[in-house]
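A.B. asks: pasting the sequence and the predicted model now:
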Amino acid sequence: GLKALSAVPAAGLAQIVAFVGFLELAVMKDVTGEGEFPGDFRNGFIDFGWDTFSEEDKLRKRGIELNNGRAAMMGILALMVHEKLNNDPYVI
């Protein structure tokens, strides 16, 4: 839970922040200008068959992915709130 952050040394947290910053500034960019939507970082390299789908399927799949991400965020938020309320990270 949240108590785990206090167990990580300051140098470790700085390393995590630096790595995420590097990814944001150098790697996760649409360098080729081929991105179909915000967050499309394929850069003409990784496809996994995305271009074979119709536009309706692409929109549906993007909506499903967004909803799964939202559900995951709500789940972790609920676990953090539960830990703060009872000081117990386990729901069971």
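C.D. replies: The structure has been received and is ready for your questions. Residues are numbered from 1 along each chain as shown.

A.B. asks: look up phi and psi at the residue of the chain positioned farthest from its centre.
C.D. replies: No residue in the chain sits farther from the centre than residue 86, which is 27.5 Å out by Cα atoms, centre = their mean. Residue 86 adopts backbone torsions of phi -110, psi -10, taken as degrees, to the nearest 10.

A.B. asks: local confidence estimate at it?
C.D. replies: pLDDT, residue 86: 77.

A.B. asks: for it, give its distance to residue 17.
C.D. replies: Computed as Cβ to Cβ, to the nearest Å, the residue 86 to residue 17 distance reads 30 Å. Placement of C-beta: from N, CA and C, glycine included.

A.B. asks: tell me the buried residues in stretch 28-35?
C.D. replies: Counting neighbours by 16 or more other Cβ atoms under 10 Å, one finds that stretch 28-35 has no buried residues.

A.B. asks: stretch 36-44 now?
C.D. replies: For stretch 36-44, the buried set under the neighbour-count rule, 16+ other Cβ under 10 Å, is empty.

A.B. asks: got the end-to-end distance for it?
C.D. replies: End-to-end distance of stretch 36-44 (Cα to Cα, to the nearest Å): 11 Å.

A.B. asks: which residues are contacting that stretch?
C.D. replies: Residues from elsewhere that reach stretch 36-44, judged by Cβ atoms under 8 Å, 6 or more residues apart in numbering: 28, 29, 30, 31, 32, 34, 35, 50, 58, 62.

A.B. asks: may I see these organised as CSV, with pLDDT added?
C.D. replies: Formatted as CSV, these follow (pLDDT from 0 to 100):
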residue, pLDDT
28, 81
29, 81
30, 77
31, 78
32, 79
34, 80
35, 80
50, 84
58, 91
62, 91
